[in-house]
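Chemist: Here is my input; please provide its structure:
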Amino acid sequence: MRQDARENRERILAAAEEVFGTRGGAAGSTEEVARRAGVGHATVFRHFPTKEELIEATLLRHFDRLTDQALAIAATPDPATGWRTLLRTMIETGGTKLTLGTLLPAKPSPAAIDASNRLKAAVSEVLRQAQNSGAVRPSVTVDEVYLLLRGLAQASATMPPHPETLSRVIDIVLSGLSQPTI
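Modeler: Coordinates of the predicted model:
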């Protein structure tokens with residue numbers, strides 16, 4: 001793929017995340033994606049022949065970006081800070097992920113399942129490192145963390161909170177997962 005085509009694709013996906021991730025399928029359109037990306041409508045359809053393919057590619061990009069962040073965090077020497085950063089990012093973007101996911105068929109594609117599994121494995125590694133450093137309770141499982149994430153994503157998607165409120169809620173969640181000090 002040519003450099004300009006890769007750049008167009010990235011702009012399209014970023015615009016689609018903004019359009020579909022915040023407004024959902026009913027309010028978002030490929031025309032608006034094209035406008036925000038600064039490309040023609042035909043360019044969007046050249047990259048993504050259907051709206052569903054565009055939304056799925058946007059969701060896969062979302063998973064891949066979080067996975068890359070988690071893997072980078074896992075390679076840093078400060079697992080506690082990395083854990084807090086990753087969890088904050090996942091909570092802050094959880095509503096977008098949930099909204100994108102609801103716009104796709106009930107049965108996820110193999111690519112979406114694979115991307116989701118890669119992310120969960122990377123999050124598990126960051127959690128393990130945070131637990132080993134004493135920053136997170138040893139009894140916390142990744143499934144429990146994901147349940148918290150889904151709950152906050154659902155709440156954020158249905159009634160977006162004020163950013164300050166969401167930040168305080170994230171602090172509460174992080175505090176609850178932290179290893180108690182004696």
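Chemist: how near is the residue nearest to G95 when sequence neighbours are not counted to S116?
Modeler: Counting by Cβ to Cβ, 6 or more residues apart in numbering, the nearest residue to G95 once its immediate chain neighbours are dropped is S156, at 3.5 Å. (Glycine included, C-beta is placed from N, CA and C.) Separation of S156 from S116 (Cβ to Cβ, to the nearest Å) stands at 19 Å.
Chemist: how much space is there between the residue nearest to G95 and V169?
Modeler: 9 Å.
Chemist: same thing with A74?
Modeler: As judged by Cβ to Cβ, A74 and V169 stand 25 Å apart.
Chemist: Who has more neighbours out of these two?
Modeler: Applying other Cβ atoms under 10 Å to A74 and V169 shows that A74 carries more neighbours, namely 20 against 15.
Chemist: For the residue nearest to the more buried one when sequence neighbours are not counted, what is the enclosing helix or strand?
Modeler: Of all residues not flanking A74 in the chain, E125 sits nearest, at 4.8 Å (Cβ to Cβ, 6+ apart). Taking DSSP states H and E as the criterion, E125 maps to helix 110-132.
Chemist: Check which helices and strands that helix sits against.
Modeler: Contacts defined by 3 or more Cβ pairs under 8 Å, 6 or more residues apart in numbering; DSSP states H and E place helix 110-132 against helix 51-74, helix 79-102, helix 142-158.
Chemist: Touching that helix from outside, list them.
Modeler: Here helix 110-132 makes contact (Cβ atoms under 8 Å, 6 or more residues apart in numbering) with 56, 59-60, 63-64, 66-67, 70-71, 73-74, 79-80, 82-83, 86, 90, 104, 108, 136-138, 140, 142, 145-146, 179.
Chemist: So, low pLDDT: which residues of the protein?
Modeler: The model of the chain has pLDDT under 70 over residues 1, 23-27, 182.
Chemist: Can you give me the domain boundaries for it?
Modeler: Split into domains by automatic domain parsing, the chain comes to 1-49, 51-177.
Chemist: so what's the backbone phi/psi at A75?
Modeler: phi -90, psi 0 (degrees, to the nearest 10).
Chemist: Turn the helices and strands packed on helix 110-132 into a markdown table, including distance to V33.
Modeler: Below are the helices and strands packed on helix 110-132 laid out as a markdown table (distance: least, Cβ to Cβ, whole Å):
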| stretch | distance to V33 |
| --- | --- |
| helix 51-74 | 7 |
| helix 79-102 | 13 |
| helix 142-158 | 19 |
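Chemist: right, and these - which one's nearest T22?
Modeler: Closest of those to T22 is helix 79-102, at 6.7 Å (criterion: Cβ to Cβ).
Chemist: which of the residues in the closest one are buried?
Modeler: For helix 79-102, the buried set under the neighbour-count rule, 16 or more other Cβ atoms under 10 Å, comprises 79-80, 82-101.
Chemist: if we can go back for a sec, what do S156 and V169 both touch?
Modeler: Taking Cβ under 8 Å, 6+ apart as the criterion, S156 and V169 both touch I91.
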